[in-house]
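Asks: what follows is a predicted structure for the sequence shown.
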Number of protein chains: 2
Amino acid sequence: MSHYSISELAAQFNVSTRTIRYYEEVGLLQPKRNKSGHRQFTKKEMTQLQLIFRGKKYGFNLDEIKEMVLLFEEDPTGKEQLKRTIEYGEDKIHEVSKRIQELEQMKNEMEQFLQVFQDELNKLEEE
Amino acid sequence: MSHYSISELAAQFNVSTRTIRYYEEVGLLQPKRNKSGHRQFTKKEMTQLQLIFRGKKYGFNLDEIKEMVLLFEEDPTGKEQLKRTIEYGEDKIHEVSKRIQELEQMKNEMEQFLQVFQDELNKLEEE
DNA sequence: TTTACCATTTACGTTAACGTTAAGTTCAAC
DNA sequence: GTTGAACTTAACGTTAACGTAAATGGTAAA
């Protein structure tokens, strides 16, 4: 069956079991339990963990990530609920776009700076 | 003259004076002092703070940022030193590029997800 | 059935990045 | 020259995101 244990997931994502339990603790995951109380993870939690780790890597904290995870999990029924979800999602996308732009600016500045060094080196090697 | 006080800088960047003092404490800044021991900030520190805050915003920790700041501050003389600096800088640029790519992937996934909701909404509004 | 491993909860410990308070110093204005 | 804002260092406090240790339970193999 497609059920994973907590240690299997931890190995998959190269984190500790504590980390995964902590994510459940703060409401990022809600894995089902089997008869004896052990957590049963499925593809759903795998996907959520992907989102969590990517978010973390790019400077979002767990609270912001939680908002996104929950956004993509709930099934909004009703026009009003749908509209609000879409609006919220567009805001988040906007945030990400801004981050991309500023990262690109950062990259450009670094490249310009390196160019100065590169020119310097070229001058030294022309002799 | 082009000297700024710590509170002027703090206001500029919308952070506390403690934050700026902390950055000096861990070696990110080395502002000169005037006769009576007060810190004197110049354009140089302004530029460094720009780099610091942008780096922070995008998930780099202060140790990583320190490496970048120091990279762009030291004046590498000598061919070997220049080459090493350039190589290191190119690595850092590569890291930033990777982050940009993954953020764009993240954005795409979010847009796809929202599209599903948008379609749902359109169907509801067609009636 | 005992060994051994994996799971569980509880709870205290740790680190980065500051916040906050205290106690004293300097500067600018009155 | 005194008052008050802005500066200094020193040191303890705080929060997020886990690490780690202790005590306990289920289960599969020897």
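Replies: Yes, it's here.

Asks: count of residues packed around A:Ser2?
Replies: Using other C-beta atoms under 10 Å in any protein chain shown, A:Ser2 has 9 other residues around it. To be clear about C-beta, it is placed using only N, CA and C from the backbone, and glycine gets the same treatment.

Asks: so it touches A:Lys43, yeah?
Replies: Yes: A:Ser2 is within contact range of A:Lys43, at 6.3 Å (criterion: C-beta atoms under 8 Å).

Asks: could you confirm whether the helix or strand containing A:Tyr88 reaches chain B?
Replies: A:Tyr88 belongs to helix A:79-125 when elements are defined using DSSP states H and E. Yes: using C-beta under 8 Å from any C-beta of the partner chain, helix A:79-125 reaches chain B at A:79, A:82-83, A:85-86, A:89-90, A:92-93, A:96-97, A:99-100, A:102-107, A:109-111, A:113-114, A:117-118, A:120-121, A:124-125.

Asks: distance check, A:Glu104 against DNA strand D.
Replies: From A:Glu104 across to DNA strand D, the span is 25 Å (C-beta to the nearest atom of the strand, to the nearest Å).

Asks: oh, that last question was meant for A:Glu80, not what I typed.
Replies: 30 Å.

Asks: in which helix or strand would I find the residue sitting nearest the centre point of chain A?
Replies: Centroid-nearest residue in chain A, with C-alpha atoms, centre = their mean: A:Gly55, separated by 2.2 Å. Here A:Gly55, judged by DSSP H and E, is contained in helix A:43-57.

Asks: could you check the angle that helix makes with helix A:79-125?
Replies: With axes from the mean of the first three to the mean of the last three C-alpha atoms, to 10 degrees as the basis, helix A:43-57 and helix A:79-125 are set at 50 degrees to each other.

Asks: who's in contact with the closest residue to chain B within chain A?
Replies: Per C-beta to the nearest C-beta, A:Gly59 is where chain A lies closest to chain B, at 3.6 Å. Listed by C-beta atoms under 8 Å, 6 or more residues apart in numbering or on different chains, the contact set of A:Gly59 reads A:Arg99, B:Lys56, B:Lys57, B:Tyr58, B:Gly59.

Asks: please redo it, this time with the cut-off set to 6 Å
Replies: A:Gly59 makes contact with B:Lys57, B:Tyr58, B:Gly59 under the criterion C-beta atoms under 6 Å, 6 or more residues apart in numbering or on different chains.

Asks: same question, A:Glu67
Replies: Taking C-beta under 6 Å, 6+ apart, we find A:Glu67 in contact with no residue.

Asks: and if we set it to 10 Å?
Replies: A:Gly55, A:Phe60, A:Tyr88, A:Lys92 (C-beta atoms under 10 Å, 6 or more residues apart in numbering or on different chains).

Asks: tell me which other helices or strands the helix or strand harbouring A:Arg21 touches.
Replies: Using DSSP H and E, A:Arg21 maps to helix A:17-25. Packing contacts for helix A:17-25, counted by 3 or more C-beta pairs under 10 Å, 6 or more residues apart in numbering or on different chains; DSSP states H and E, involve helix A:6-13, strand A:39-40, helix A:43-57, helix A:62-73.

Asks: touching DNA strand C at all, the last one?
Replies: No: residues of helix A:62-73 contacting DNA strand C under C-beta under 7 Å from any atom of the strand: none, with a closest distance of 13.9 Å.

Asks: now that helix: how far from the chain's centre is it?
Replies: 9 Å (C-alpha atoms, centre = their mean, to the nearest Å).
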